[in-house]
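Undergrad: Need a 3D model of the following:
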Amino acid sequence: MNFIEVNQQTCNKDGICSAICPAKLINFTEGEYPTPIAEAEELCIRCGHCVAVCPTSSLLHAEMPLDDCPKVQSELFLSAEQSEQFLRSRRSIRNYRDKTVSQETLQKLIEVARYAPTGHNSQSVEWLVLSDRDELSNLGLIVGQWMRWMLANMKEFALSFHIDKALERMEEGEDVVLRGAPALVIAHAPKEDHMAQTSCTIALTYLELAATGMKLGGCWAGYFNAAVSTFPPMQKALGLPEGHQCCGAMMIGYPKFLYHRMPERKAPSIIWR
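TA: Numbers count the residues shown, from 1 in each chain. Modelled structure (predicted):
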């Protein structure tokens with residue numbers, strides 16, 4: 001088949017596929033069938049909007065067979081009230097049950113997170129999943145080394161983030177870095193990808209929100225993220241592919257406690273124009 005084809009037996013000539021294409025690759029004249037431009041294959045960013053929007057499944061894309069694009073189930077849509085509670089009740093989980101998260105479950109979680117939007121549909125986010133207790137413990141110790149370096153070399157900055165207090169608790173045996181989480185999910189991407197940080201941040205946010213539906217919880221690993229961004233020993237220990245950078249890490253595990261209320265947040269500061 002051609003890169004983009006229109007099934008003229010079922011197409012209702014509504015032109016929606018043309019209207020939503022971000023790269024304007026589909027021409028449409030009212031009363032006629034949509035037609036792709038000559039450079040469609042070269043310029044297409046493979047976002048799938050054209051396939052997803054067609055109400056009659058008449059838009060055929062060579063790289064997105066309809067059988068690989070399941071239909072949206074309207075009965076699963078969240079109501080406004082459900083969406084609000086889902087987002088307002090989300091908590092950063094720092095207390096985890098002593099229970100392993102299976103590789104199958106983590107795989108499913110990442111499969112959902114890969115649908116997060118990326119700039120120009122680059123889909124450049126890659127993943128590293130750590131669940132070996134000894135390795136996680138060793139990485140926590142390296143973060144401790146970073147904390148000592150920060151206090152010795154950037155004391156004012158370190159104190160502003162209470163790194164001295166965190167280090168004291170760590171030396172008393174408390175895991176202040178990874179909180180005893182059974183898994184750490186790291187999003188990384190090529191350093192030359194200027195959209196990588198934003199793409200990875202959105203993908204990890206998707207991952208954290210998706211975790212709720214799997215009875216899991218997550219928390220951004222702040223100290224870990226800071227150390228891996230600036231501390232060569234941590235970068236070496238993490239061992240990412242050559243030319244890649246860590247763009248964020250999320251602790252994942254089964255929450256030890258349940259939350260029953262939704263604490264208030266500051267009122268939004270809004271400028272209306």
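
Undergrad: Neighbouring strands - and their directions - for the top strand by length along the chain?
TA: When the chain is parsed with DSSP state E, its longest strand is strand 244-253. Within its sheet, strand 244-253 is paired with strand 183-190 (antiparallel), strand 217-220 (antiparallel), according to DSSP bridges.

Undergrad: List every C-alpha atom in the last one, with coordinates, as PDB.
TA: Output in PDB follows, covering the C-alpha atoms of strand 217-220 (Å, rounded to 0.1, in the frame of the first residue of the first chain):
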ATOM      1  CA  GLY A 217       2.900   4.600  44.300                       C
ATOM      2  CA  GLY A 218       5.900   6.700  43.200                       C
ATOM      3  CA  CYS A 219       8.000   9.600  44.200                       C
ATOM      4  CA  TRP A 220      10.600  11.700  42.300                       C
END
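
Undergrad: and that strand, average pLDDT?
TA: Averaged over strand 217-220, pLDDT sits at 98.

Undergrad: need the next SSE after it, C-terminal direction.
TA: Scanning forward in sequence from strand 217-220 by DSSP states H and E, the next helix or strand is helix 222-230.

Undergrad: before we move on, what about the first one?
TA: Beyond strand 183-190 in the direction of the C-terminus, DSSP H and E gives the next helix or strand as helix 196-212.

Undergrad: So which bits of that following helix are buried?
TA: Buried residues in helix 196-212, counted by 16 or more other Cβ atoms under 10 Å: 196, 199-212. The C-beta positions use only the backbone N, C-alpha and C, and glycine is treated the same way.

Undergrad: As a markdown table, the strands paired with strand 244-253 with distance to W127 and mean neighbour count would be great.
TA: Shown next, in a markdown table, are those (distance: least, Cβ to Cβ, whole Å; neighbours: other Cβ atoms under 10 Å):
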| stretch | distance to W127 | mean neighbour count |
| --- | --- | --- |
| strand 183-190 | 6 | 23 |
| strand 217-220 | 14 | 22 |
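
Undergrad: show me the contacts for Y96.
TA: 179-182, 217, 251, 253-256 (Cβ atoms under 8 Å, 6 or more residues apart in numbering).

Undergrad: List just the nearest of these to S57.
TA: Checking those against S57 with Cβ to Cβ, the nearest one is G217 at 38.0 Å.

Undergrad: Would you mind measuring from the closest one to K108?
TA: Look at G217 and K108: by Cβ to Cβ, to the nearest Å, they are 16 Å apart.

Undergrad: before we move on, what about M234?
TA: Applying Cβ to Cβ to M234 and K108 gives a distance of 29 Å.

Undergrad: Looking at these two, which has the bigger crowd around it?
TA: M234 (19 against 13; other Cβ atoms under 10 Å).

Undergrad: How is the more buried one assigned, secondary-structure-wise?
TA: Put simply, M234 is helix when judged by DSSP: H, G, I helix; E, B strand; the rest coil.

Undergrad: residues contacting it?
TA: For M234, the contact set (Cβ under 8 Å, 6+ apart) comprises 139, 142-143, 146, 227-228.

Undergrad: export these to TSV and tack on distance to M64 and pLDDT?
TA: Output for the contacts of M234, formatted as TSV (distance: Cβ to Cβ, whole Å; pLDDT from 0 to 100):
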residue	distance to M64	pLDDT
L139	39	97
I142	43	97
V143	42	97
W146	44	97
A227	40	96
V228	35	96
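
Undergrad: Fine, thanks again, bye for now.
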